[in-house]
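1. Pasting the sequence and the predicted coordinates here, then a few questions.
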Amino acid sequence: MKKILACLVVAGILAALVIVPRAPAASTAPASAAEPTLPDIVVAGFKEFKTGGYTAATNAWARDSSLLQDSQTLLALNTYLSQVCNNAGTFVGADIIRVVNLSANSEVVYATAKFERQLVFLSFTCYKMGDKWLITMIDADKDPAKVLPTNIMSGQ
């Protein structure tokens, strides 16, 4: 009888631990970090994609940044987006997955580009110089695991 009572007490304690809501974890973000905002240059590129195609989008995203000097990266991005347009159909829009603030002057924007028959996942590394955002790096792939960090993939 004592063993049954002890088992019931232990089961009750375990059930209480599972059912009792936990307080949210404390933020690990630095106190001085600003709230993330969606850099306007990312939005401008998606608008250009809708009206002028992938080349107009990559030109908008590269505007005024070091990407303009990196012809290999721009060529690879344009080639990839050309293949996507040929295989997946017309670009129909974009969704922002998350904006991650790295510092007062840097953010990473994770997004999807939606086509008629497929999604493409994108990552934009953004740098703020004065009041102007620049994109310093773009990654794109139809496989989200190649672009999105594991914490986003796991729903965090």
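-> Happy to help now that I have it. Residues are numbered from 1 along each chain as shown.

2. Tell me what Asp139 is bridged to.
-> Note on Asp139: beta-bridge partners Ser123, judged by DSSP bridges.

3. for the chain, what spans make up the helices?
-> When assigned using DSSP state H, the helices of the chain occupy the ranges 2-19, 40-52, 54-62, 71-88, 150-153.

4. deepest of the ones you listed, which one?
-> Ranked by mean neighbour count, those are led by helix 54-62 with a mean of 20 (mean count of other C-beta atoms under 10 Å). Placement of C-beta: from N, CA and C, glycine included.

5. Could you give the separation between the terminal residues of stretch 135-153?
-> Distance across stretch 135-153, first residue to last, is 23 Å (C-alpha to C-alpha, to the nearest Å).

6. cool, and stretch 136-154?
-> 26 Å.

7. how far out from the middle of the chain is it?
-> The chain centroid and the centroid of stretch 136-154 are separated by 7 Å under C-alpha atoms, centre = their mean, to the nearest Å.

8. Tell me the buried residues in that stretch?
-> The neighbour-count check on stretch 136-154 (16 or more other C-beta atoms under 10 Å) flags 138-140, 142, 147-148 as buried.

9. As a markdown table, the helices of the chain with mean pLDDT would be great.
-> Below are those laid out as a markdown table (pLDDT from 0 to 100):
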| stretch | mean pLDDT |
| --- | --- |
| helix 2-19 | 37 |
| helix 40-52 | 97 |
| helix 54-62 | 96 |
| helix 71-88 | 94 |
| helix 150-153 | 86 |
